[in-house]
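Visitor: Any chance you could fold what I've pasted below:
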Amino acid sequence: SGCHAPSPAPFCPFKGHNLNHSGWSTSVGPFDLSKAAWVWEEPNRREKATWPGALKVFHSSPMIDGDYNVYIVSTTGWVYSIDKAGKTRWEFQTARTNPGNVAILGDAVFTIDDGGTAFGIDKNTGKELWRNKVARGAPDDTHSLVAHDGLVLTSCSPKGHDGGWGRQPSLMSEAVCALDAKDGQVRWIFDQFEHSGRKDALTCNQLVAIVGDSAVFGDDFGALWSVAIQDGSVRWYSEAVTSLQMMAATQGMLPWGTTATSVVGADNKVYHAFNYVKKHGVVRAHNVATGGLVWERNFYGTEVNAAVAVGKLYGWGDTMAVVVGVGVNPYAISNPIDRLKYMVGLRSISSPVVALKAGNGDPLWKFDLSYDGFCAGSYESADATICMPDVWGTPTIGADGTVYMNWSGGKAFAIRDANGDGVIDPKDPKEVSSYHHGFGSNGATALAPGFAVAPNCMQVVAFSS
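Guide: All right, here's what the predicted structure looks like:
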């Protein structure tokens, strides 16, 4: 159109705030989360869930453009934009359900639904720019798109390899599809399944990082790839270290293995979080140029089911840190006996947040938290508010080093080690601020200057300072 000024740069264009998906924001958000500026819910949620079996929740993460408008996708298949005051700007229906977390580039937002149809949407009006069925399916969990330099990268399943275990094309992703941002035409496809020769080279919540002229991404069993962004040719490959078989043998989380994935830090390391087997989580740091392993940190007796965030933390100066949400994922529906056990102190599931030194994986601080092991506010009812989140959403680190975490025990947190003692004290108002919404949460908090947006299963909650 040429007659309107270009949009200001978005504050959070992709999940994780940047092309690396590192979770480190350039904005300082509010630390005090005790009071919400506004709370937004999906309008007519029940009527919109027309697909059989469609959930009616947010498993997703919000994005924020340069005008403080918020974008979020719902499992119902709808994409929404909300203004800074919490009013709906527009809504857009995809062709199916479970769209991926949007990417913002210029005046467009991009997503793909679990039927494999990708969309370009005008971010100002919500009008469709293009749609293209690029694959047989895309993950029905919460993978995220990224867009840069005229290219949109998304997880996808063009062939729908079943691997001999009856997989549907919307169950995890087998490939990365590179699309032209102008019209959605496929530029190249990188098939993880075919390249690795492994039937479990699959990912459920993939974050494809763009590092220079490479795309870097992993699968759910420890494998990592770096490919050329121009044509998808392989730069390096780091082999898987576990497998679907090992998960099955230990009654692990089948068929996913983990709901975590890889991100890239500003320190040129790839941080891959996953589970070796049931109740054995790990974070591995790799050299982004070669794929070589730098260090690994094991979490015995528990799991890592969300990607990490990498940045500098409040009170720790220039030390680069890795923030890890730890814990086994919650059950979607509670049972009265286990709830009673929790109330009388016989059942407690640990779900700490741990900060590690990015250089070697040594511990910096820990925030201990435990709960009953069930997704807060998830019930099987006529309104079907059943939600299936991870125990933690992916962390966000503000420019001042505050860590924002969304917990399926029903709270949004802002945390910092104010006194530098290595222990986050929940009773110290200088160290922990929280908002109790009473639902599970699967997404990352998005930040803009003086503004934070935290998702939960049923709501988008904004805070301002």
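Visitor: CA only for contacts and neighbour counts going forward, please
Guide: Noted.
Visitor: What is the neighbour count of residue 198?
Guide: Using other Cα atoms under 10 Å, residue 198 has 14 neighbouring residues.
Visitor: Surely it is within a helix?
Guide: No. Under DSSP: H, G, I helix; E, B strand; the rest coil, residue 198 falls outside any helix and is assigned coil.
Visitor: which ones are touching it?
Guide: By Cα atoms under 8 Å, 6 or more residues apart in numbering, the contact set of residue 198 is empty.
Visitor: how close does it sit to residue 190?
Guide: Distance of residue 198 to residue 190, given as Cα to Cα, to the nearest Å: 14 Å.
Visitor: can you pull the buried residues of the worst-scoring helix or strand of the chain on mean pLDDT?
Guide: Averaged element by element with mean pLDDT, DSSP states H and E, the chain has its least confident helix or strand at helix 336-343 (a mean of 74). Neighbour counts over helix 336-343 (16 or more other Cα atoms under 10 Å) mark 338, 339, 342 as buried.
Visitor: Surely residue 90 is in contact with residue 122?
Guide: No. With contact defined as Cα atoms under 8 Å, residue 90 and residue 122 do not form a contacting pair (10.3 Å).
Visitor: I'd guessed residue 118 sits against residue 136; true?
Guide: No. Taking Cα under 8 Å as the definition, residue 118 is not a contact partner of residue 136, at 11.2 Å.
Visitor: quick one, which of the two is more surrounded?
Guide: Set side by side, residue 118 and residue 136 show more neighbours around residue 118, with 29 against 18, by other Cα under 10 Å.
Visitor: So what's the residue count around the nearest residue to that one once chain neighbours are set aside?
Guide: Spatially, and ignoring its direct neighbours in sequence, residue 118 is nearest to residue 112 (4.0 Å; Cα to Cα, 6 or more residues apart in numbering). Residue 112: 34 surrounding residues under other Cα under 10 Å.
Visitor: what does residue 204 give?
Guide: 26.
Visitor: and if you look at residue 6?
Guide: Neighbour number of residue 6 under other Cα under 10 Å is 9.
Visitor: and if you look at residue 192?
Guide: Neighbourhood size, residue 192 [other Cα under 10 Å]: 24.
Visitor: check contacts around it.
Guide: 174, 175, 176, 201, 202.
Visitor: please redo it, this time with the cut-off set to 6 Å
Guide: Residue 192 makes contact with 174, 175, 201, according to Cα atoms under 6 Å, 6 or more residues apart in numbering.
Visitor: Among these, name the buried ones.
Guide: Buried among the contacts of residue 192 (16+ other Cα under 10 Å): 174, 175, 201.
Visitor: Would you map the strands across the stretch 101-250 of the chain?
Guide: Under the criterion DSSP state E, counting those that start in this stretch, strands of the stretch 101-250 of the chain are mapped to 103-105, 108-112, 117-122, 128-133, 146-148, 151-156, 175-180, 186-191, 209-211, 214-218, 224-228, 234-238.
Visitor: Let's see the fourth one as PDB, backbone CA atoms only.
Guide: If I follow you right, that is strand 128-133. Only the C-alpha atoms of strand 128-133 are listed here, as PDB (Å, rounded to 0.1, in the frame of the first residue of the first chain):
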ATOM      1  CA  GLU A 128      -5.900 -13.600   4.900                       C
ATOM      2  CA  LEU A 129      -2.900 -12.800   2.700                       C
ATOM      3  CA  TRP A 130      -2.400 -16.300   1.500                       C
ATOM      4  CA  ARG A 131      -2.900 -19.900   2.400                       C
ATOM      5  CA  ASN A 132      -1.100 -23.000   1.200                       C
ATOM      6  CA  LYS A 133      -1.400 -26.700   2.100                       C
END
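Visitor: elements contacting that strand?
Guide: With contacts defined as 3 or more Cα pairs under 6 Å, 6 or more residues apart in numbering; DSSP states H and E, strand 128-133 has these neighbours: strand 117-122.
Visitor: Return the list of strands paired to the strand it packs on, each annotated with direction.
Guide: strand 108-112 (antiparallel), strand 128-133 (antiparallel) (DSSP bridges).
Visitor: How far does that strand sit from its chain's centre?
Guide: 20 Å (Cα atoms, centre = their mean, to the nearest Å).
Visitor: now it against strand 151-156, angle please.
Guide: Relative orientation of strand 117-122 and strand 151-156, computed by axes from the mean of the first three to the mean of the last three Cα atoms, to 10 degrees: 140 degrees.
Visitor: Next, the angle from strand 117-122 to strand 175-180.
Guide: 40 degrees.
Visitor: what does strand 117-122 contact?
Guide: So strand 117-122 is in contact with 108-112, 127-134, going by Cα under 6 Å, 6+ apart.
Visitor: Kindly report the same for stretch 313-328.
Guide: By Cα under 6 Å, 6+ apart, stretch 313-328 touches 302-304, 308-312, 351-358, 392, 401-402, 416.
Visitor: Of those, keep whichever come out buried.
Guide: Buried members of the contacts of stretch 313-328, counted by 16+ other Cα under 10 Å: 302-304, 308-312, 351, 353-358, 392, 401-402, 416.
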